[in-house]
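J.: pasting a predicted model and its sequence here:
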Amino acid sequence: MKTFEEMEYNPTAEELVKILCEKTQNSNPLFFRVLVGYYFSVVASMMRANIVTQDRGEIPVNMYALNLAVSGAGKGHACGVLENDVIHLFRTRFMEEAFPSLSEQNLPKLAVKRANRKATDPDEELVRVQKEFDMAGALYFTFSEATTPAVKQLRHKMLMANAGALNLQVDEIGSNLIGATEVLNTFLELYDQGDTKPKLTKNSAENSRNEDIKGKTPTNLLMFGTPSKLLNGGKVEEELYAMLETGYGRRCFFGYSPTAARNLDQTPEEVYAQLTQTGNDAFLKDLADRLDMLADGINANKKLLVSKETSLLLIEYRQKCDREAAGFPAHEEIRRAEVSHRYFKALKLAGAYAFIDDADEITEDHLYQAIKLAEESGAAFNLLLNRDKPYVKLAKFISSVDRELTQADLVDELPYYKGSASDKAQMLMLAIAWGYKNNVIIKKAFSDGIEFLRGESLKESSLDSMVVSYSTDMTTGYLNERVPFDNLHQLTQAQGMHWVAHHLNSEPGHPELGGYRKEDNAVAGFNLAVIDVDGGCNISTAKLLLSKYKYLLYTTKSHTEQEHCFRIILPLNYELKLDAKDYKEFMSNIYEWLPFEVDTATNQRARKWLSHDGYYEYNDGEVFDALPFIPKTSKNESRKVLLDSQQSMDNLERWVINHIGDGNRNNMLLRYAMILVDAGFSFDNIRQKVISLNDKIADKLEEVEIEKTIMVSVMRAISKKP
């Protein structure tokens, strides 16, 4: 079997698709490929083309399609071209010549059968049959809405004529899906063989039941519209999912184009030349004439044979579909059903291609052409099923609106944000949880008992683009730069340089002065956290505690061997945009989290730092996670709850406990002990503190292990101290 790349689309259909792309100025062809396949199937099924298989008998040619594209993709324009420039001659000839002629041939046969069965006069039966046929109403080539009784009535007329097909085309399916539920349930039965059971109604003088006629009436279904209206996260989307689950998933071809691809670089002259190509009009006219010829009675009930070679190819494709379907877990029943029945849809479409080509049999080429579209349809179906869940849409909506939102705003603007207060609270909780892993942060604040929400799509920081501004003056002349983190020491070690971890605007009316350092001029957006240690902690202790993180440490001019003064610059995993108040709280949260004393008065956005040509050192570790420290977020609230539960511990103990994971208990307790050694504690004090902290660990170490490992290392370290 050929690979997907080796297969080719039906040449007639693809040429028509190319023209539709040009006429609509939409270079995304999937919508048009499905649309052309549908109209070709309509032509074939109106003439009752049948596929003669060796294993399943005769199968009618027909096609169901769910075809979605955004507004402006050219849906209506394309349908207009196909109906008015391609199939119009076929439709006219079928309605005015073929159907009347075929019904005129079949009604007498039907009358004779009934007369023989009931032993009545054939002429009288013909009068009754003709009346019954006329009472069924006018024939519709296509219709946009229907009731089940009307469908069965029109189907009865077609059975009497032994010609025609039921063609339902529902535009704006998102608005009309729920209203069309009844007729769509009827069409579920009609797909495979065009057969359905009659409804039993009470017989009366005014309303007599017609005799049931056994036969097949092919049906075609086209549902098209915009994805946003159908996949709205509300009742309509629920109904769609139920419809796919009950059988439309395996019956439909799918087109899903969430964007319209337009070439915005073309000049008006190029667009005009494309829209007025004479070759396109010639092709459309020629194709219309070819389809017109197919409306001849000689093509009625045409039998399309399937050779052994084509049958073997179909079996191979079916086995491939079955193997792929077997790989899906049990909960993906819709996806499994679509894949396992893909071969059947491809066979029906191959029949339509063969009929359009005026062939007597379905060739391997026809089947490959149909498989090509069936596989592309399957990929579109996967995109449709992988659509954003309502809580994902909620998270994206909150992060895309540049203002605070209330619950009333969400209810008014989002059709899927419905239900009880608990339902909405759960959806919001899921939106916040989804945001944690997808760079979306949602903040909550309360004022006068009203909940306010604000969201932001976080941008991951690049270590090659750290936000800084610097100047030789304390206040003015700041230059805004983005620099690689590994080159940051060139700034921190430069003599007499002042720098800020934000960009700064200039004073209004004085751009020549450069960035002016004050709070109002700080530009929201930073990805560095600067920790200032002014005594109270040794460099060796800080390095030990922060060994897992990436940082740059450099000493300040106040640094001495007796009193260590230094700064630690931590790159953040996200570039945050916080106002002055939130930034102050963000830095205060980090200060609270650190296990050693720092200068807590340095939490302003416009805080400047002085460079110093002293000692500096980089540490290579993981980039600091800023999310737990962002104010008004659930993750920060969880951090505070944990902090409150650990009030009985000092900062250092809390730090060690919170950094203990699977398999590193001994290592973290040893690190704790070495910090105590560095701080000058005695052996007995260290032993007492280590054992006390070990008792607070849920899965604590055996005391004998502490004595034989940690305390031995402590003794060696103490013995080496002056």
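T.: It's in.

J.: what are the ranges of the helices in the stretch 51-200 of the chain?
T.: Ranges of helices within the stretch 51-200 of the chain are 75-81, 88-93, 99-118, 122-135, 148-161, 173-176, 181-190, based on DSSP state H, counting those that start in this stretch.

J.: switch those helices over to TSV; also include mean pLDDT.
T.: Putting the helices of the stretch 51-200 of the chain into TSV (pLDDT from 0 to 100) gives the following:
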stretch	mean pLDDT
helix 75-81	90
helix 88-93	96
helix 99-118	92
helix 122-135	91
helix 148-161	92
helix 173-176	90
helix 181-190	92
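
J.: could you identify which of those is most buried?
T.: Highest mean neighbour count of the helices of the stretch 51-200 of the chain: helix 148-161, a mean of 20 (counted as mean count of other Cβ atoms under 10 Å). Placement of C-beta: from N, CA and C, glycine included.

J.: and it, what does it pack onto?
T.: Other helices and strands packing on helix 148-161, by 3 or more Cβ pairs under 8 Å, 6 or more residues apart in numbering; DSSP states H and E, are helix 99-118, helix 122-135, strand 166-170, helix 181-190.

J.: outside of it, which residues touch it?
T.: 99, 102-103, 106-107, 110, 129, 132-133, 136-137, 139-140, 164-166, 182-183, 185-187, 190, 196, 198-199, 210, 213, 215, 217 (Cβ atoms under 8 Å, 6 or more residues apart in numbering).

J.: residue ranges with poor pLDDT in the chain?
T.: For the chain, residues meeting the criterion pLDDT under 70 lie at 200-209, 260-266, 270-271, 274-275, 278-279, 646, 648, 662-663.

J.: dead centre of it: give me the residue that sits there.
T.: What sits nearest the mean C-alpha location of the chain, by Cα atoms, centre = their mean, is Arg387, with 3.9 Å.

J.: did I read that right, that residue in a helix?
T.: No - counting by DSSP: H, G, I helix; E, B strand; the rest coil, Arg387 is not found in a helix; it is coil.

J.: out of the helices of the stretch 51-200 of the chain, flag the one nearest Ile657.
T.: Closest to Ile657 of these is helix 173-176 (Cβ to Cβ; 53.4 Å).

J.: any idea which of the helices of the stretch 51-200 of the chain gets closest to Ile531?
T.: Once the helices of the stretch 51-200 of the chain are compared by Cβ to Cβ, helix 173-176 is nearest, at 53.3 Å.

J.: tell me where the stretch 601-722 of the chain has helices.
T.: Here the stretch 601-722 of the chain has its helices, by DSSP H, counting those that start in this stretch, at 634-645, 651-658, 665-678, 683-695, 703-705, 711-720.

J.: those: which one's closest to Thr555?
T.: Closest among the helices of the stretch 601-722 of the chain, using Cβ to Cβ: helix 665-678, at 17.1 Å.

J.: quick check: angle from that closest one to helix 711-720?
T.: Helix 665-678 and helix 711-720 are oriented at 20 degrees to each other (axes from the mean of the first three to the mean of the last three Cα atoms, to 10 degrees).

J.: report how many residues lie close to the closest residue to Leu184 other than its chain neighbours.
T.: Distances taken as Cβ to Cβ, 6 or more residues apart in numbering put Met243 closest to Leu184, at 6.5 Å, once the chain neighbours are dropped. By other Cβ atoms under 10 Å, 20 other residues sit near Met243.

J.: OK, contacts around Asp678?
T.: By Cβ under 8 Å, 6+ apart, the contact set of Asp678 is 538, 540-541, 544.

J.: break the chain into its domains for me.
T.: Using automatic domain parsing, the domain parsing of the chain gives 11-198+214-385, 390-456, 460-626, 646-722.

J.: related to what we said a few turns ago, can you put the helices of the stretch 601-722 of the chain in TSV and add distance to Cys565?
T.: Output for the helices of the stretch 601-722 of the chain, formatted as TSV (distance: least, Cβ to Cβ, whole Å):
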stretch	distance to Cys565
helix 634-645	27
helix 651-658	20
helix 665-678	17
helix 683-695	26
helix 703-705	38
helix 711-720	25
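
J.: which one, of the ones you listed, ends up nearest to Leu35?
T.: Nearest to Leu35 among the helices of the stretch 601-722 of the chain is helix 634-645 (46.1 Å), distances taken as Cβ to Cβ.

J.: mind giving me the packing neighbours of that closest one?
T.: In terms of contacts (3+ Cβ pairs under 8 Å, 6+ apart), helix 634-645 is packed against helix 421-437, helix 580-593.

J.: again, only this time at 10 Å
T.: With contacts taken as 3 or more Cβ pairs under 10 Å, 6 or more residues apart in numbering; DSSP states H and E, helix 634-645 sits against helix 421-437, strand 440-447, helix 580-593, helix 651-658.

J.: and those, which is most packed in?
T.: When those are scored by mean count of other Cβ under 10 Å, the highest mean neighbour count falls to helix 651-658 (a mean of 18).

J.: wait, which of the helices and strands packed on helix 634-645 is closest to Pro722?
T.: helix 651-658 (23.6 Å).

J.: residues in contact with the residue nearest to the centre of the chain?
T.: The neighbours of Arg387, taking Cβ atoms under 10 Å, 6 or more residues apart in numbering as the test, are 227, 230-231, 233, 237, 256, 258, 393.

J.: gap between it and Pro511?
T.: 48 Å (Cβ to Cβ, to the nearest Å).

J.: not counting its neighbours along the chain, what's nearest Thr475?
T.: Leaving out its chain neighbours, the residue that sits closest to Thr475 by Cβ to Cβ, 6+ apart is Arg517, at 5.2 Å.

J.: number of nearby residues for that neighbour?
T.: Neighbour count for Arg517, taken as other Cβ under 10 Å: 22.

J.: go on, Lys229?
T.: Lys229: 18 surrounding residues under other Cβ under 10 Å.

J.: distance check, it against Pro29.
T.: 22 Å.

J.: just Leu570 next, same as before
T.: Taken as Cβ to Cβ, the span from Leu570 to Pro29 is 50 Å.

J.: then Leu578?
T.: Taking Cβ to Cβ, one finds Leu578 at 46 Å from Pro29.
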